[in-house]
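Enquirer: pasting the sequence and the predicted model now:
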Amino acid sequence: MTRFPDTAHGPISADDMALWCDLLADDNQIHLSRDAAAAAGFGPNRVNPGPANLAYLISAMMAADPDGDVSRIDAQFLGNVVEGDTVIARDEGDHAALYRAGDDLPVVKVRR
Amino acid sequence: MTQAAAPKVGETLPAGRFDLTAARDDLVRRMSDAPARSDQRAHPIFAFVGALGGLPLPIADLSTGLGLAFADGPVLARCQIDATRPLEVGRCYTVTARILDIQRKPSRRFGQADHLHLAITLSDGAPFTETRLHIIFPATETP
């Protein structure tokens, strides 16, 4: 698979979170309500839907190989992205990973 | 009025549909900074988006019907997508979901947690994608 450079995306917008939820038919309130996110222990900001985080990573791969096909994705979701975050997609050789800017631990890892 | 039976582990749900429009693909590409579409192929994340968005009932209702605590903030743990062919815009896919397993396990975050495993295919007669999801729910009193 074609290597890709570090790719930043953000800041993550609450309006886009709502659009993702609409596409996913997912009304989990941690994505839509700050009160719900706080009550569920995620802190004061709305939590980005996991598929959106995976999409940022796939899009960074696509930018490096626009005509390539993706036949298999194996993704682990290890952390959360919240509204206002900027994220970095990073090629790490045998896997690709998404980080919150400034963090050392990935929020998503995709085996390549 | 007939009330739908609660879903069960091992069950295949009634088929749903997902309309993969060019407008939806454009939106996902904009929101994820993907390159513009150059042919009919849609963004690969639609294997996941169509899987949930095309269920015959929202994931919240499916989870609640399985006795899982959707309102307490479930988290996505893993997804595995296998694509036989790229999904394309301008097609309406049949969405077929199987409930593979639910297991209760100790959890550092929740104390106890219920682990739901689903397999969801998008097809139009022939298979396009299969997406396997592992979602973790804070455990309620009765699994």
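Expert: Structure received.

Enquirer: okay, and the beta partners of B:T131?
Expert: B:I81, B:I120 (DSSP bridges).

Enquirer: so A:D91 bridges to which residues?
Expert: With DSSP bridges as the rule, A:D91 is bridged to A:A96.

Enquirer: wait, it touches A:T2, no?
Expert: No - the pair A:D91 and A:T2 does not pass the contact test of Cβ atoms under 8 Å, sitting 9.0 Å apart. (Each C-beta comes from the backbone N, C-alpha and C, glycine too.)

Enquirer: comparing those two, which shows the higher neighbour count?
Expert: Using other Cβ atoms under 10 Å in any protein chain shown as the criterion, A:D91 and A:T2 rank with A:D91 on top: 20 against 11.

Enquirer: residue contacts, that one?
Expert: A:3-6, A:60 (Cβ atoms under 8 Å, 6 or more residues apart in numbering or on different chains).

Enquirer: mind checking how far the lowest-mean-pLDDT helix or strand in chain A is from the chain centre?
Expert: In chain A, the helix or strand scored least confidently by mean pLDDT, DSSP states H and E is helix A:34-39, which has a mean of 93. Computed by Cα atoms, centre = their mean, to the nearest Å, the chain-centroid distance of helix A:34-39 equals 20 Å.

Enquirer: and it, what's buried?
Expert: By 16 or more other Cβ atoms under 10 Å in any protein chain shown, the buried positions in helix A:34-39 come out as A:34, A:36-37.

Enquirer: equivalent analysis for stretch B:127-143, please.
Expert: B:128-139.

Enquirer: how about TSV for those residues, with pLDDT and secondary structure added?
Expert: Shown next, in TSV, are those (pLDDT from 0 to 100; DSSP: H, G, I helix; E, B strand; the rest coil):
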residue	pLDDT	secondary structure
B:F128	97	strand
B:T129	98	strand
B:E130	98	strand
B:T131	98	strand
B:R132	98	strand
B:L133	98	strand
B:H134	98	strand
B:I135	96	strand
B:I136	94	strand
B:F137	93	strand
B:P138	90	strand
B:A139	90	coil
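
Enquirer: what two of these are the furthest from one another?
Expert: B:F128 and B:A139 (34.6 Å; Cβ to Cβ).

Enquirer: where do the helices sit along chain A?
Expert: Secondary structure of chain A (DSSP state H): helices located at A:14-24, A:34-39, A:50-64.

Enquirer: which residues does the closest residue to B:S63 other than its chain neighbours contact?
Expert: Distances taken as Cβ to Cβ, 6 or more residues apart in numbering or on different chains place B:F70 nearest to B:S63, at 4.0 Å, with adjacent residues excluded. B:F70 sits next to A:28, B:59-60, B:63-64, B:137 when contact means Cβ under 8 Å, 6+ apart.
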